[in-house]
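Chemist: Quick one, fold the following:
(one chain, ligands or ions: 1)
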Amino acid sequence: MAKADFVRVMFNDIAHKYDLLNDILSVGTHRLWKRKFIKFALRQNPKTALDCATGTGDIAFKLKASCPGQVVGIDFSPGMIDHALERAKANPLPVEFKVADIQKLPFSDKAFDVTTISFGIRNVENLELGLRELGRVSNGVFVLEFGQPKNRFFKSLYFGLLRLYVPIFGLISKRKDAYEYLIASSEAFPSAETFVEIMRRNMTFKTFGHVPVFGGIAYIYYAHN
Ligand SMILES: C[S@@+](CC[C@H](N)C(=O)[O-])C[C@H]1O[C@@H](n2cnc3c(N)ncnc32)[C@H](O)[C@@H]1O
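Modeler: Now for the predicted structure:
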């Protein structure tokens with residue numbers, strides 16, 4: 001099975017438990033990381049925003065609270081988008097959600113002030129194509145993704161704890177392969193300067209950078225003019 005098909009089916013299967021799993025796995029800290037991430041994206045004073053790999057829409061709803069114009073969330077898992085649409089019904093501000101693939105975004109060049117992607121980019125089959133698309137449709141790209149802590153002791157401790165703790169994810173989601181994928185994809189994903197370099201190769205912006213979150217367990221990346 002191609003990586004994209006595996007990822008789409010897996011997220012469809014766990015969509016109804018995704019928010020709960022996120023809170024359990026991160027002990028709620030994903031909310032703090034996302035808040036910090038949003039603050040970065042809002043430095044560009046965006047009026048419009050596209051949140052890619054939006055899942056159940058966490059980032060899109062938060063962006064809409066500060067963006068007066070169009071805010072759209074896309075995800076290639078229809079199950080995740082169904083949950084985002086349910087949440088949108090209860091949200092006081094309008095956020096649009098669509099099923100779409102990051103590798104072929106259905107938007108014109110520079111249609112949005114910013115694009116964001118939180119814990120999604122490491123899942124994209126063709127990473128470089130995905131990054132080119134994020135840069136094509138906007139004037140600034142913000143990425144939040146798991147990384148590898150630089151401190152070797154902290155890194156071993158973190159991945160050791162992850163291996164002990166994350167099987168709970170498999171039990172609750174009833175997809176053992178989902179937690180195996182989570183650890184393997186996080187360990188393998190290029191982080192910090194390496195990822196910035198890949199962004200640089202695939203985007204035409206002038207300013208690139210990265211900021212560690214929680215000792216490098218995650219990173220915020222940015223690219224804009
Ligand atoms: C870990 S979830 C992140 C959801 C949300 N952004 C968050 O931070 O809670 C990863 C999401 O990426 C989506 N995804 C992976 N590859 C994608 C692609 N090529 N196009 C669109 N969505 C994709 C999955 O369907 C899944 O909903």
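Chemist: and Lys39, how many neighbours?
Modeler: Counted by other CB atoms under 10 Å, the residues lying close to Lys39 total 12. (C-beta placed from N, C-alpha, C; glycine too.)
Chemist: how about it, secondary structure?
Modeler: The three-state label given to Lys39 by DSSP: H, G, I helix; E, B strand; the rest coil is helix.
Chemist: Need the phi and psi values for the residue in the chain positioned nearest to the ligand.
Modeler: Residue of the chain nearest the ligand, by CB to the nearest ligand atom: Gly55 (2.5 Å). In terms of degrees, to the nearest 10, the main-chain angles of Gly55 are phi 60, psi -120.
Chemist: Please look at it and Phe76 and confirm they touch.
Modeler: No - when contacts are counted by CB atoms under 8 Å, Gly55 is not listed as touching Phe76 (10.9 Å).
Chemist: By mean pLDDT, flag the weakest helix or strand of this protein.
Modeler: Each helix and strand of the chain was given a mean pLDDT (mean pLDDT, DSSP states H and E); the minimum falls on helix 167-173 at a mean of 71.
Chemist: what's that one packed up against?
Modeler: With contacts defined as 3 or more CB pairs under 8 Å, 6 or more residues apart in numbering; DSSP states H and E, the packing partners of helix 167-173 are helix 18-25, helix 176-188.
Chemist: now these in CSV, with distance to Gly135, mean pLDDT and mean neighbour count?
Modeler: Below are the helices and strands packed on helix 167-173 laid out as CSV (distance: least, CB to CB, whole Å; pLDDT from 0 to 100; neighbours: other CB atoms under 10 Å):
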stretch, distance to Gly135, mean pLDDT, mean neighbour count
helix 18-25, 27, 84, 16
helix 176-188, 22, 83, 15
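Chemist: Tabulate the ones you listed (TSV), appending distance to Phe205.
Modeler: Formatted as TSV, these follow (distance: least, CB to CB, whole Å):
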stretch	distance to Phe205
helix 18-25	30
helix 176-188	26
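Chemist: With respect to Glu128, which of those lies nearest?
Modeler: Checking the helices and strands packed on helix 167-173 against Glu128 by CB to CB gives helix 176-188 as the closest, at 15.7 Å.
Chemist: Surely Phe142 forms part of a strand?
Modeler: Yes - under three-state DSSP, Phe142 sits within a strand.
Chemist: Let me see the contact set for it.
Modeler: By CB atoms under 8 Å, 6 or more residues apart in numbering, Phe142 lies in contact with Phe37, Phe40, Ala41, Val114, Thr115, Thr116, Ile117, Ile220, Tyr221, Tyr222.
Chemist: Next: Leu131.
Modeler: Taking CB under 8 Å, 6+ apart, we find Leu131 in contact with Ile121, Val141, Ile198, Met199, Asn202, Met203.
Chemist: If I look at the spatially most central residue of the chain, what pLDDT would I see?
Modeler: Taking CA atoms, centre = their mean, the centroid of the chain lies closest to Ser118, which sits 2.0 Å from it. Per-residue pLDDT puts Ser118 at 98.
Chemist: wouldn't it be in contact with Ala53 here?
Modeler: Yes - look at Ser118 against Ala53 with CB under 8 Å: they come within range, at 7.3 Å.
Chemist: Now do the strands in the chain.
Modeler: Using DSSP state E, the strands of the chain run over 49-52, 71-75, 96-99, 114-118, 140-146, 207-213, 218-224.
Chemist: and the last one, which strands flank it?
Modeler: For strand 218-224, the pairing partners within the sheet under DSSP bridges are strand 140-146 (antiparallel), strand 207-213 (antiparallel).
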